[in-house]
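Q: sequence-free structure coming up:
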C-alpha cells in the first residue's frame with residue numbers, strides 16, 4: 001500500500017468510526033465502544049507508519065482537483081512533511097488514549113455513543129487539517145472542529161455552565177474565523193492558488209501583494225482557535241465539558257490547530273515585519289497574563305486551561321522569532337504532558353463523584369486515594385515546569401534559545417524587538433509556571449481541605465492511560481532534541497547554556513518561593529479552625545473572597561465543603577489575586593464593549609418593530625376593516641329599508657339633476 005493511500009486512511013478511519021457510531025449508537029449499543037476505540041488506534045498506527053516512511057525527508061505531495069471553480073481551483077491535496085507527520089502521530093496517540101480513557105470515565109453516561117462519535121469526528125477533522133495541502137480543505141477540518149467543540153463542551157447541557165461555555169466557545173472562535181476566512185481568500189487570490197506549496201513558492205518569489213493585511217487577518221483566526229490574547233477567554237470556561245474532551249482539545253486538537261497553521265505557513269507571516277511583531281506581542285501578553293491568572297484559580301481544570309494558554313504562547317513566541325522547529329517541538333512535548341495532566345485531573349474528579357468540579361481548596365488526602373494520578377501528575381507537572389530531565393525542559397529551552405538568538409541578532413528570521421519581547425516574557429512565564437505548578441501539586445495532594453467522599457478505586461483503563469502518557473512526558477524531550485532536527489528542516493534544538501541556566505533557575509525559584517508561601521499560609525491557617533478563617537482577625541480580603549466564592553460553588557457529590565485557607569497564590573499575588581481570579585475582567589470588558597451595545601441595539605430594533613412598523617401594519621389593516629364594517633351595516637336584509645334607500649337615492653339624483661340644469 002502506498003504512503004499516499006495510508007495517509008488518506010489516517011483521517012478517514014475516525015470519520016467512518018464517527019458515522020458508524022452515530023448510526024449504530026441506539027440500535028446496537030454493544031458496538032459503540034469498539035467503534036470508538038479501534039478506528040482511533042488504527043489511525044494512530046497508520047500515522048506512525050506514514051511518519052516512518054516520510055522519515056523527515058522530502059515532503060510527500062499528492063493532489064487531485066476537487067472541483068472546477070472558474071477561478072482559483074480547489075484541490076484534494078496532501079502535503080506531508082516532517083512537521084505534519086509528527087503532529088499526526090501526536091493527534092492519533094492522544095485521541096486513542098482519550099477514547100480508551102472515556103470508556104471508563106463515561107461508562108454510565110447515557111449519551112456516551114454520541115460523545116464517542118463526536119470525539120472521532122473531532123479527531124478526523126484535526127488530522128485533515130494536519131495532512132491537508134489545500135487551504136480550503138484545511139478550512140473544512142478547521143470549522144468541523146469548531147462545531148464538534150460546541151457539542152462536546154456542552155455535553156452536560158443540563159447545567160447552565162455547560163450551555164453557556166459551549167455557546168461562548170463557538171461565538172468567540174467564530175469571531176476570529178471571519179477575518180481568517182477573508183485572509184484565506186486574499187492569500188489564495190494573491191498566490192493564484194490555495195495549494196500550500198504554490199503559496200509558499202509565491203511568497204519566496206516576492207509575489208504576495210498584501211503580506212501585512214493577509215497575515216493580520218489570518219492571525220485573528222489563529223488567536224481565536226489557539227486561545228491567544230485577546231480571544232482566549234473561551235478556553236477556561238470550556239472546562240465545563242467532560243475532562244477527556246478537555247484533554248483532547250488542549251493537547252492535540254483545536255487549540256493546536258492555530259499554532260500548526262502558522263508553523264506551516266510561517267513564510268507568509270515572515271513576509272511582514274509588522275505581523276511578526278504583532279505575533280510576538282500577542283505571545284508575550286498571553287504567556288505572562290495567563291500564568292498570573294493560573295496562579296489565582298481554584299478549580300484544577302481552570303489552572304490547567306490557563307496553563308495551556310500560556311504554553312501556546314510559548315509556541316507562538318517561537319514562531320514570532322522565526323523558529324517553527326522549536327514551536328512544533330514544544331507542541332509535541334506539551335501535547336503529551338498536558339493530556340496527562342487533564343486525564344490525571346479526571347481521575348481526581350471521578351474519585352470525587354462529580355462531572356467536572358475539582359476545587360483544589362477542598363482537596364485532602366488524595367495522595368493515598370489516587371496513587372496513580374499522584375505519581376503521573378507529578379511527572380507531568382515537572383515537565384510543565386521545565387525541570388530537567390523531563391520533556392518540557394528541552395522543548396521550552398528550544399523556545400528560549402530561539403528567542404535569545406533573535407534578541408541578540410543571531411537569527412535573520414525575525415526583528416530583534418520581537419526576540420527581546422518573547423525572551424523576557426518567556427523567562428517571566430517560566431518563573432510563574434513553576435509557581436502555579438507547585439501550588440497545584442501542594443493543594444491537590446497535600447491540602448487540608450475537607451475530604452470528599454471516597455468512590456473507590458478508579459477503572460483500570462483510566463489509570464493505565466496515565467502511565468502510557470507518563471512515558472513521553474518523561475523521556476520524549478531528551479531523545480527528541482537529538483533526533484528531530486532533520487524532521488524540522490535541520491534547525492538546532494539543543495538547549496543553550498545561558499537560557500538553560502536562566503530558565504531552570506527561575507523555575508526552581510518559583511517552586512521554592514511557592515513552597516515557602518504555602519508553609520507560611522499553612523502555619524497561619526493552623527491557628528484558626530478550618531471554615532472559620534474568614535472571621536479570623538488575620539484573614540485578608542483574598543480569604544474572605546474565597547469563602548464567598550466557595551459558598552456559591554458546586555459541592556462534591558451532595559455535600560459542600562469549606563475551602564482550604566492555606567493557598568500560597570493569595571499571598572504571592574496580594575491585591576492582584578482577585579483580578580487574576582476572574583481573568584483580569586476581560587469578560588466584563590467584552591460585555592461592556594460588545595454584548596451590551598448589541599443587546600441595546602436589539603432592544604431598539606425590537607421597539608421600532610413593535611411600536612412603529614407594527615403601527616403602520618395595524619393601521620393598514622384597520623382601514624379596510626372599518627370600510628367593511630360600514631358596508632356590512634348596509635346589508636340588513638330588510639326589503640323596506642332597501643326600497644326606502646332606493647327612493648331616497650332617486651330623490652337625491654333628481655334634485656341634483658334639477659340643480660345642474662338650473663345652473664346651466
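A: Arrived safely, thanks for sending. Bear in mind the structure is a predicted one, so any value in this text is a computation, not a measurement. Numbers count the residues shown, from 1 in each chain.
Q: any low-confidence regions in the stretch 251-400 of the chain?
A: Across the stretch 251-400 of the chain, the ranges flagged by pLDDT under 70 are 352-358.
Q: now do 90
A: Applying pLDDT under 90 to the stretch 251-400 of the chain picks out residues 252-253, 298-299, 347-370, 389.
Q: quick one, helices of it?
A: When assigned using DSSP state H, counting those that start in this stretch, the helices of the stretch 251-400 of the chain occupy the ranges 255-264, 266-270, 273-294, 300-320, 324-352, 366-369, 371-384, 391-407.
Q: looking at those helices, which is closest to residue 154?
A: Go through the helices of the stretch 251-400 of the chain one by one with Cβ to Cβ and the one that ends up closest to residue 154 is helix 300-320, at 15.8 Å. Heads up, the C-betas are built off the backbone N, CA and C, glycines and all.
Q: now the closest one: how far from the chain's centre is it?
A: How far helix 300-320 lies from its chain's middle: 11 Å, per Cα atoms, centre = their mean, to the nearest Å.
Q: circling back: switch the helices of the stretch 251-400 of the chain over to CSV; also include distance to residue 112 and mean neighbour count.
A: Output for those, formatted as CSV (distance: least, Cβ to Cβ, whole Å; neighbours: other Cβ atoms under 10 Å):
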stretch, distance to residue 112, mean neighbour count
helix 255-264, 24, 26
helix 266-270, 40, 22
helix 273-294, 31, 23
helix 300-320, 20, 29
helix 324-352, 14, 28
helix 366-369, 25, 17
helix 371-384, 22, 23
helix 391-407, 32, 28
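Q: pLDDT weak spots in the stretch 551-664 of the chain?
A: Going by pLDDT under 90, which is the cut-off in play, the stretch 551-664 of the chain has low-confidence ranges at 551-570, 574, 593-595, 607-650, 652-664.
Q: want to throw the helices of the stretch 251-400 of the chain into TSV with distance to residue 148?
A: Formatted as TSV, the entries for the helices of the stretch 251-400 of the chain read as follows, by distance: least, Cβ to Cβ, whole Å:
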stretch	distance to residue 148
helix 255-264	12
helix 266-270	27
helix 273-294	24
helix 300-320	18
helix 324-352	17
helix 366-369	32
helix 371-384	25
helix 391-407	27
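Q: among those helices, which is nearest residue 150?
A: Distances from residue 150 to each of the helices of the stretch 251-400 of the chain were compared by Cβ to Cβ, and the smallest falls on helix 255-264, at 14.7 Å.
Q: and the closest one, what other elements does it pack with?
A: With contacts taken as 3 or more Cβ pairs under 8 Å, 6 or more residues apart in numbering; DSSP states H and E, helix 255-264 sits against helix 82-105, helix 112-131, helix 135-153, helix 211-225, helix 300-320, helix 324-352.
Q: tell me what the very next helix or strand once past the third one is packed against?
A: This points to helix 135-153. Elements were assigned by DSSP states H and E; along the chain past helix 135-153, the next helix or strand is helix 160-191. For helix 160-191, the contact count by 3+ Cβ pairs under 8 Å, 6+ apart identifies helix 135-153, helix 196-204, helix 211-225, helix 234-237 as packing neighbours.
Q: ok, and what's touching stretch 59-78?
A: Counting by Cβ atoms under 8 Å, 6 or more residues apart in numbering, the neighbours of stretch 59-78 from elsewhere in the structure are 3-4, 7-8, 54, 79-81, 131-134, 136-137, 188-189, 192-197.
Q: let's see it at 6 Å
A: The set of residues that contact stretch 59-78 without belonging to it, under Cβ atoms under 6 Å, 6 or more residues apart in numbering, is 3-4, 7, 54, 79-81, 131, 133-134, 136, 188, 195.
Q: would residue 435 count as being in a helix?
A: Yes - when DSSP: H, G, I helix; E, B strand; the rest coil is applied, residue 435 is found to be in a helix.
Q: circling back: now render the contacts of stretch 59-78 as TSV, adding pLDDT.
A: Output for the contacts of stretch 59-78, formatted as TSV (pLDDT from 0 to 100):
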residue	pLDDT
3	90
4	92
7	95
54	90
79	94
80	94
81	92
131	96
133	94
134	95
136	94
188	92
195	94
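Q: and residue 642, which of the helices and strands packed on helix 160-191 is closest to it?
A: Using Cβ to Cβ as the measure, helix 135-153 is the one of the helices and strands packed on helix 160-191 that comes nearest residue 642, at 70.3 Å.
Q: tilt between that closest one and helix 196-204?
A: Counting by axes from the mean of the first three to the mean of the last three Cα atoms, to 10 degrees, helix 135-153 points 120 degrees away from the direction of helix 196-204.
Q: in helix 135-153, what's buried?
A: For helix 135-153, the buried set under the neighbour-count rule, 16 or more other Cβ atoms under 10 Å, comprises 135-139, 141-142, 144-146, 148-153.
Q: Pull the residues that contact it.
A: Contact with helix 135-153 is made by 74, 118, 121-122, 125, 128-129, 132, 165-166, 169-170, 173, 184, 194, 238, 241, 245, 254, as judged by Cβ under 6 Å, 6+ apart.
Q: so how far is the first residue of stretch 317-327 from its last?
A: According to Cα to Cα, to the nearest Å, stretch 317-327 extends 8 Å from its N-terminal end residue to its C-terminal end residue.
Q: And the contacts of that stretch?
A: With Cβ under 6 Å, 6+ apart, stretch 317-327 has contacts from 262-263, 266, 276, 279-280, 283, 315, 398-399, 402-403, 406, 413-414, 418-419, 422, 426, 488, 491.
Q: one more time with 7 Å, if that's ok
A: 259, 262-263, 266, 270, 276, 279-280, 283-284, 287, 315, 330, 398-399, 402-403, 406, 411, 413-414, 418-419, 422, 426, 488-489, 491, 493 (Cβ atoms under 7 Å, 6 or more residues apart in numbering).
Q: Give me the distance between that stretch and the centre of its chain.
A: Relative to the chain's own centre, stretch 317-327 is displaced by 20 Å; criterion: Cα atoms, centre = their mean.
Q: How about stretch 502-512?
A: Relative to its parent chain, stretch 502-512 has a centroid offset of 28 Å by Cα atoms, centre = their mean.
Q: Please apply the same query to stretch 426-434.
A: Stretch 426-434 has its average C-alpha position 22 Å from the chain's average C-alpha position, going by Cα atoms, centre = their mean.
Q: Then stretch 188-203?
A: Between the mean C-alpha point of stretch 188-203 and the mean C-alpha point of its chain there is a distance of 28 Å (Cα atoms, centre = their mean).
Q: Any buried residues in it, and which?
A: Going through stretch 188-203 with 16+ other Cβ under 10 Å, the ones that come out buried are 188, 190-191, 193-196, 198-200, 202-203.
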